[in-house]
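**Q** turn this into a structure:
(chains A and B)
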Amino acid sequence: MQVFRLCLKILKKQIPSMLIYIIIFLAIALIMSSATANEQQQDNSFTRAKSNMALISEENTPLIDGFKQELGKVANFVELPDDHEALQDALYFRSVSYILRVPEGFTESFMQGENVQLEKTIVPNSISNTYIDLCIDQYFNTARLYVQQMENISQESLVQYLKSDLAVGASVELKTVSDQSVNHNYANYYFNYLSYSLLSVLILGMAALMLVFYDSELKRRNACSPLSSKSVNLQFILAILVFTVLSCLIMVTFCILFNFKNSLNLNTVYFIINSFVFAVCGAGISFLIGNLVKSHNAIPAISNVVTLGLCFISGVFVPLELLGNTAIKIASFTPTYWFVKANNQIAELTQFGFADVEPIFSSMLIQIGFALAFFAAALVVNKKRRFD
Amino acid sequence: MFAHIFIYRLKCLLRDKETIFWTLLFPLLLAVFFNIAFANLNKGEIFKAIDIAIVDDVNYQSNQYFKTALNEASQGDDRLFNLTVASKEKADQLLINNSISGYIVVENPINLVVNRSGLNPNIIKSFIDNYMQTVSSVNSILLADPAKQQELLSSLGNRQQYIKEISGTAAEPNNILNYFYTLIAMACFYGGFLGMREITDIQADISPLAARINVAPVHKLKTIISSMSASLLIHLTEMLLLLIFLRFVLQVDFGSKIGFVILTTVIGSIAGVTFGALISALVKKSEGIKVAILIGVTMFGSFLAGMMYQNMKYIVAQKIPVLSYLNPVNLLTDAFYCLYYYDTFSRYALNMGILSIFIVIFCVGTYSIIRRRKYASL
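**A** Residues are numbered from 1 along each chain as shown, chains lettered A, B, ... in the order given. Modelled structure (predicted):
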């Protein structure tokens, strides 16, 4: 087993630089876990996240008071001074995501049936802001009905009517199929990010191995050793396999450690299977890259371009739903896309019948297809290189 | 002597393909990746109609108003729902398969059955709530004056907008910009590759070239200043290229204060180059480790500044505010964003001030490590 041991020795030398990727990854994973912890708590019951908002009213009327009470159902009020810079700061640091200004004379014009508007300044693309918008819209549209239909209605009675109208609502039944308290957000993030660090580590290690083995002088020396090339190749493959499985195993273990209470279910098993499938694919990519690089210095460059590029266009860093159509089309030609897609599907799984897991297995099959393609390409390159 | 060292350093560095890759090509490539990935982010969220089901029973068939309202919401190109009319068992099955976000049972009050909390169930609930609230208003108005029915129905239809959006600052808030700003900050700190080489080529115990340079009767400070100037010149040129690429090819908006944007880039570039020098002087290990540390620290800083996940910046600012001031990548990103977003300069000045302190620390730290070294043997 000389070749096998040599491989492990070479890989051992790479441990410090690989460790950096793993440590960064684990740090990111820990931060993500604390960031998603809040979301998890909210998700267990049927609730709307209340967002923080500031209401700056230039007038004080019964209508606005009633409105404020109604708004309190969907938002928490934060007191802010009516000062341009303070408001800018508050939006910038997200201490409020919505600032609503009631201009002076609003109530009077409104009660006369004129079309008046409130002014909002918001943090863009915040979903919880939509609820505030809906709430404001509903309140004043309902009020409009009364103002139009009941002549000379007083503000006080209008507020009373609105209060009883807006109190009604649909009842919601939360039907949980199985153990829904388990939340897979964290595992989903973790495994998606795993594709970045796993690929980086595999490429670093593999490229280092190949550089040694394909150095022409060393290769000539090895060729005259009494070991059959079959045995050399088998040991080499074995070493690659051990390295791949080990790297994957280390990262997966940390996920289970970080997230133990959410890990004891079938979803985790699927996550793990998926990541091992991806690891095989990653081995293929790094084998190909290893066959292509010519110098030590090029390894980190190639590794970063490949991993960051793959991760950005295939939904690791930017969620798939937010990617443009062009990006998704390009991404579907990368294995990372299918890995991420399978992860997202696994996170949604509540039932494990064949029909439920079928799309996941097809994503995995596509990854295996990619792996075969990469290995084949690597062998072709390898053959060419042998004759150089 | 200055001109001599400066010119030869320039030639040397320009021929170092690896460094040029990291400091110029890599940020450009990332910018292109960003552009592909975020192309959709600013066009507003694309709303996809929600799949729901309604349980087909006597109550539903007899409630004409709700039926009409629901059908109206499920028609047209900008419809809210994709509606399936189904039996209760079928609806249950659809919900379990996740083929629908929820189903509605017409009872009193109307019941919504969902299998999770989230955006889609909330939108369905809002729809039903609005319907029920409007029904309630209509009932109370008709109770007061039954003659109003016709008039009421016509005024129900024309809902009005009661909110208008006004911008808080000179600039529109923009979600994508922060990603590009972190990218510039990262590129500034990748200037560390140049600073790293400077130290490698000047410390006699690291490379033979450095040993030769040390023999020359030139003051160390003079050597390092001249060669660092060459590094800075190269890096600044690269950063300007990056800015031009971002501004004119990818159309990234930097606001109107172009002069300050360039000033920020210059200071960022100095910070980056000196940062690399400090790492190289501090870490007495192989080139590979140094590069890994430089990339690692910069990437982690960029992550905290929001390069991979934008909200990270705000999470850090809220939970561990100190960290956002101790992370030079974040300071730089923030400075760019301030220039774009704020009318005033107070926040920008604070960022730049702290960054300048970092530069002083990097310079003094590096010089105190490399000065007056004597070697018994090499």
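**Q** where do the helices sit along the stretch 201-350 of chain B?
**A** With helices called from DSSP state H, counting those that start in this stretch, the stretch 201-350 of chain B shows them at B:208-215, B:220-244, B:258-282, B:287-304, B:312-319, B:321-326, B:328-341, B:346-370.
**Q** so what touches stretch A:269-279?
**A** A:187, A:191, A:194-195, A:198, A:202, A:244-245, A:247-248, A:251-252, A:255, A:335-336, A:339, A:342-343, A:346, A:349, A:357, A:360, A:363-364, A:367-368, A:371 (C-beta atoms under 8 Å, 6 or more residues apart in numbering or on different chains). For glycine as for every other residue, the C-beta is placed from the backbone atoms N, C-alpha and C.
**Q** A:Tyr98 against A:Thr130, yeah?
**A** No. Contact between A:Tyr98 and A:Thr130 fails when scored by C-beta atoms under 8 Å: they sit 10.3 Å apart.
**Q** against A:Leu11, how distant is the residue in the stretch 201-350 of chain A that chain B sits nearest to?
**A** Using C-beta to the nearest C-beta, A:Gly324 is the residue of the stretch 201-350 of chain A that sits closest to chain B, at 3.8 Å. According to C-beta to C-beta, to the nearest Å, A:Gly324 stands 39 Å off from A:Leu11.
**Q** quick one on the thing from earlier: which of the helices of the stretch 201-350 of chain B sits most buried?
**A** Highest mean neighbour count among the helices of the stretch 201-350 of chain B (mean count of other C-beta atoms under 10 Å in any protein chain shown): helix B:328-341, with a mean of 26.
**Q** re earlier: next up, phi/psi of the residue of the stretch 201-350 of chain A closest to chain B, please.
**A** Here the main-chain torsion angles of A:Gly324 (degrees, to the nearest 10) amount to phi -70, psi 160.
**Q** what about the strands in the stretch 51-200 of chain B?
**A** Ranges of strands in the stretch 51-200 of chain B, per DSSP state E, counting those that start in this stretch, are B:81-86, B:102-105, B:111-114, B:163-165.
**Q** ok, the spatially closest residue to B:Lys164 that is not a sequence neighbour to A:Ile31 distance?
**A** The spatial neighbour of B:Lys164 that comes closest, neighbours along the chain excluded (C-beta to C-beta, 6 or more residues apart in numbering or on different chains), is A:Gln117 at 4.6 Å. Going from A:Gln117 to A:Ile31 by C-beta to C-beta gives 41 Å.
**Q** what's the answer for B:Tyr341, then?
**A** B:Tyr341 is 25 Å from A:Ile31, by C-beta to C-beta.
**Q** one more: A:His184?
**A** From A:His184 to A:Ile31 the distance is 18 Å (C-beta to C-beta).
**Q** helices or strands up against the helix or strand bottoming out on mean pLDDT in chain B?
**A** One helix or strand of chain B scores below all others by mean pLDDT, DSSP states H and E: helix B:149-157, with a mean of 77. Packing partners of helix B:149-157 (3 or more C-beta pairs under 8 Å, 6 or more residues apart in numbering or on different chains; DSSP states H and E): helix A:127-149, helix B:119-144.
**Q** check the residue most central in space within chain B and give its pLDDT.
**A** Central residue of chain B (C-alpha atoms, centre = their mean): B:Tyr179, 3.2 Å from the mean position. Note on B:Tyr179: pLDDT of 88.
**Q** Provide a list of residues in contact with the residue nearest to it when sequence neighbours are not counted.
**A** Nearest residue to B:Tyr179 in three dimensions, chain neighbours excluded: B:Phe34, at 5.5 Å (C-beta to C-beta, 6+ apart). By C-beta under 8 Å, 6+ apart, B:Phe34 lies in contact with A:312, B:176, B:179-180, B:183.
**Q** can I get those in TSV with distance to B:Tyr60?
**A** Shown next, in TSV, are these (distance: C-beta to C-beta, whole Å):
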residue	distance to B:Tyr60
A:Phe312	47
B:Ile176	45
B:Tyr179	47
B:Phe180	51
B:Leu183	54
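**Q** return the member of these nearest to A:Asn141.
**A** Nearest to A:Asn141 among the contacts of B:Phe34, counting by C-beta to C-beta, is B:Ile176 at 33.7 Å.
**Q** from chain A, how far out is that closest one?
**A** To chain A, B:Ile176 is 10 Å away according to C-beta to the nearest C-beta, to the nearest Å.
**Q** for that residue, report the pLDDT, please.
**A** The model's pLDDT for B:Ile176 equals 80.
**Q** mind checking the SS state of A:Val96?
**A** Here A:Val96 is coil, with the state taken from DSSP: H, G, I helix; E, B strand; the rest coil.
**Q** thinking again about what came up before, between A:His184 and A:Ile31, which has more neighbouring residues?
**A** More crowded of A:His184 and A:Ile31, by other C-beta atoms under 10 Å in any protein chain shown: A:His184, with 23 against 19.
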